[in-house]
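K.L.:
when you get a sec, could you give me coordinates for this:
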Amino acid sequence: MEIDQTLQKRIAKDEILKKDFIDNIEKYVGESKGYNAWIMGKLCQDRDIRKKVMENLNTIFLKMTNKCEFAIYMTKEEIRNNISIFFQGDYIKNDILSLFNVLIDDKVYTNDQIVGLLSDNIGSIYNGIGLCGVYDIMEKIPHFPMYKSENPSIQKIDEFLADNIEQIANTKFEKRNFEFRFFFNMERFKNEIGKRGPNFFINFPVDYYTTFDDCKKIADSIFGRFTPENFAKIKYGQHDEKKALVIQTLIEELLEQSGCDLDMENVSKIGNGVYSTVYKVGNYALKIGIGRNNDTIPNHRRLLKPIVRTHIGNEAFNSSSANNTATFIEVQNLIETNWWKNMKEEEVEQVLFNIYSELRNDGLIWMDVKEDNVGRLLKPNTSNVFYLDIDSKREEIQPSEKAIGVEGEESGEILGKGEYVIIDSDYILRYEDWLKIQRSEPGEVCREKKYEERYQAELERKQKESMQGR
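P.N.:
The predicted structure follows:
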């Protein structure tokens, strides 16, 4: 007879059937095609059936489709008496996570004992659910990253991972929020990765949102130094090897142009926005972030002139595509960012309004008006001139407007040192495009609203003065 919900309900009403089930439980198990933990848990609500099930748990688990979830229906003592059975068999399935949830949440064992269980069964757990499954368990164990490499349980896990590193690295990982800090205490495992270099490391699924400091810890811990290659491979290599190479090469070029050693000691994170992270690379600012709607910006003197502004990763960037993986990069000259800190509020407002008005006069709308998006020039606002040795002569190379990501004729004279410019040009629109947004989203509140109202008031005032002067 099949062990299913129908049988469970019949046993609840029929004492004769219940007695037959208890007396012949091996027969019921042998004839059943399979059953889940929930059905057996319901049956075990009866004290006599529960006693018989616990006596025959080894046999019962052979046909249970999710045996580790059965721990939910067991007492702490029942789990401890039968813990080895959970790890028996050729294949451990994903429900092993349910067992560890119970062990941890219900405090069936101490944390040290749970780490020991993981260690003693690391081979069968890994073969069943892979490295990301092992990581899931590590993540659930309180304070796991704090365990020392000298701990015997950690050493056993470390030995297994190191011995199987090629298999692990060549397995496709689906999990994206992998945190390598859980493996900092695996010395042999780290050494095996370090021996093979950064190209080998890209097989490991480091989280896409790994911070700059995280990259430094990983690089220092595994490779012994933090280089542009290590940074690019750790942060971007898992998702796009070519993209990582472009970013590595760009950082190295910027450091070389700045006369710096090709080491990440000369690189620091200086900003973080909604769309980009900003790094100081030698004498330049490098923005790396998600794709933009436009590769180009208007060629206006109040916009900080980019040295490079482009997308990498996708040949055709589409901002509406859910599968878009393009990365936006922009290189700019460094500017003074905290210009406003010693100024009065009204002085800062006047600077912002003056910039807004100049763009507005030229048919542009600046939608993200705030002091953090403005900087003061440390050198004239021009594209950098590069020098190349051609036929033993020093040739000057001036990038084209298209190459640096700007479009249209440049407005006005080039701004010099000390002038204010907009450093974040993501929200600069043509006036006609801005009007379309206003019509489609009439209730939208934007930063430019008060500046536009002031601009219109100034226009009206000047028109009246002009009329009066006639």
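
K.L.:
quick check: residue 291 vs residue 236, distance?
P.N.:
Plainly put, residue 291 is 14 Å away from residue 236 if you go by Cβ to Cβ, to the nearest Å. In this view, the C-beta of every residue, glycine as well, is placed from N, C-alpha and C.

K.L.:
more crowded one of those two?
P.N.:
residue 236 (26 against 19; other Cβ atoms under 10 Å).

K.L.:
which residues sit in contact with that one?
P.N.:
Neighbouring residues of residue 236 by Cβ atoms under 8 Å, 6 or more residues apart in numbering: 243, 244, 247, 327.

K.L.:
I'd like the distance between the third one and residue 329.
P.N.:
Meaning residue 247. 7 Å.

K.L.:
of the two, who's got more company?
P.N.:
Legend: neighbour count by other Cβ under 10 Å for residue 247 and residue 329, higher for residue 247 (24 against 20).

K.L.:
not counting its neighbours along the chain, what's nearest the more buried one?
P.N.:
What sits nearest to residue 247 in space, not counting adjacent residues and going by Cβ to Cβ, 6 or more residues apart in numbering, is residue 232, at 4.5 Å.

K.L.:
which residues are in contact with the helix or strand containing that neighbour?
P.N.:
Residue 232 belongs to helix 228-232 when assigned by DSSP states H and E. The contact list for helix 228-232, computed with Cβ under 8 Å, 6+ apart, reads 198, 201, 212, 215-216, 218-219, 223, 244-245, 247-248, 251-252, 255, 262-264, 267.

K.L.:
which of these are buried?
P.N.:
198, 201, 212, 215-216, 218-219, 223, 244-245, 247-248, 251-252, 255, 264, 267 (16 or more other Cβ atoms under 10 Å).

K.L.:
flag the shaky bits of this protein, pLDDT-wise.
P.N.:
1, 89-92, 172-178, 207-209, 293-295, 314-325, 384-411, 438-446, 469-470 (pLDDT under 70).

K.L.:
which residues of it fall in strands?
P.N.:
In the chain, the strands defined using DSSP state E lie at 267-272, 276-281, 284-290, 297-300, 308-312, 327-333, 335-336, 364-366, 374-377, 386-390, 393-397, 406-411, 420-422, 428-430.

K.L.:
which strands and helices sit next to the fifth one?
P.N.:
Other elements packing on strand 308-312 under the criterion 3 or more Cβ pairs under 8 Å, 6 or more residues apart in numbering; DSSP states H and E are helix 241-257, strand 327-333.

K.L.:
same thing but at 6 Å, please
P.N.:
strand 327-333 (3 or more Cβ pairs under 6 Å, 6 or more residues apart in numbering; DSSP states H and E).

K.L.:
strand partners of the strand it packs on, parallel vs antiparallel please.
P.N.:
strand 284-290 (antiparallel), strand 308-312 (antiparallel) (DSSP bridges).

K.L.:
now those strands in JSON lines, with distance to residue 191 and mean neighbour count?
P.N.:
Formatted as JSON lines, those follow (distance: least, Cβ to Cβ, whole Å; neighbours: other Cβ atoms under 10 Å):
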{"stretch": "strand 284-290", "distance to residue 191": "30", "mean neighbour count": "20"}
{"stretch": "strand 308-312", "distance to residue 191": "33", "mean neighbour count": "20"}
